[in-house]
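> Need a 3D model of the sequence below.
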Amino acid sequence: MNTEKVTARRLTAEEVSELGLQDDIFVSAGMDGLPLDCYAPAFLTEPGKNSEGGSFAARTVFGEVIHILPDNAEEPGIWVADKAGEEIEVLQSAGILLNLALFVPGGNKESLESLYSAARDAFGAGIVQRWSEETVAVPDVKVDLFEEPARGRKNTSGQNRDRRALDIYPTRVRFLEPSEGWKFIIEPHKEIVDDTPTI
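Residues are numbered from 1 along each chain as shown. Model prediction:
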C-alpha cells in the first residue's frame, strides 16, 4: 500500500458546515468490504451548510461516497491540511480509470483497434489495461433537447422551457444531467427557419 504522510487537522461538524464543494479534505480511504487504516483525498458532495443532523457525505478521488459524523470520536472523521496539525497517512493513486464515452462516426471493429493501438503507443505496450468494454450502436436520428420544471403547471404551452441542445443523437442524452428541479424533454429535431427579412 503506497501512502504519503500529510500534516492535517481534524474538523468539527461546525467547521465542516462552513466548507464548500471546492475545499480539499481527507476522509477514510476504506472501501466497501475493504477497511483501510489511512485516508483519501476527497470533497463534499454538497455544501456543508446544506447537511442536516451533523452528517456529511463526501466523495473520495477513488469514487467512493461515504457518510461521516465528524463529531463521532469512533469514526475517522474529516480532516484538512494544516501545518500545525498531526501526521496522517494518505493513500496515493496508482493511476486513473478512464470511463470514456467516445462517439465514433461510422465506427467499426477496425476503428476501435486503431484507438487501442494509439493508447498502447502513447503509454507503452502492456501498460494500459482494458478492464471492460461496451459498444452500443447509436441510432441515426437527431433530436432536440429541452428542460422544463419537474413540477411545472399544466397548460403552460411550453413557455417555461429552456433549450439545452439541438440536432444531437438521442444516446448523447444518457451522459447529460438536467438542472436541479428540472427534467429533460426530448423531441424530434426540427430545423430552425429564419424568417427575418433580408435587405
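> Could you use CA atoms for every contact and neighbour count after this?
Will do.
> Quickly list the domain ranges of the protein.
3-91, 98-134, 143-188 (automatic domain parsing).
> most neighbours per residue, which of those domains?
Among these, domain 3-91 has the highest mean neighbour count (mean count of other CA atoms under 10 Å), at a mean of 17.
> can you give me the end-to-end distance of it?
Start and end residues of domain 3-91 are separated by 4 Å (CA to CA, to the nearest Å).
> distance between it and the chain's centre?
18 Å (CA atoms, centre = their mean, to the nearest Å).
> just stretch 84-94 next, same as before
The chain centre lies 24 Å from the centre of stretch 84-94; the measure is CA atoms, centre = their mean.
> what does stretch 163-178 give?
17 Å.
> Can you get me the start-to-end distance on it?
Stretch 163-178 end-to-end distance (CA to CA) = 11 Å.
> Return the backbone torsion pair for the residue nearest the centre of the chain.
The centroid of the chain falls nearest to G63 when counting by CA atoms, centre = their mean (8.6 Å). Recorded main-chain torsions at G63 are phi 90, psi 0, according to degrees, to the nearest 10.
> Next one: it, what pLDDT does it get?
pLDDT recorded at G63 is 91.
> the strands in this protein, which residues?
Using DSSP state E, the strands of the chain run over 3-10, 25-28, 39-44, 56-60, 65-68, 79-81, 86-91, 143-149, 162-168, 182-188.
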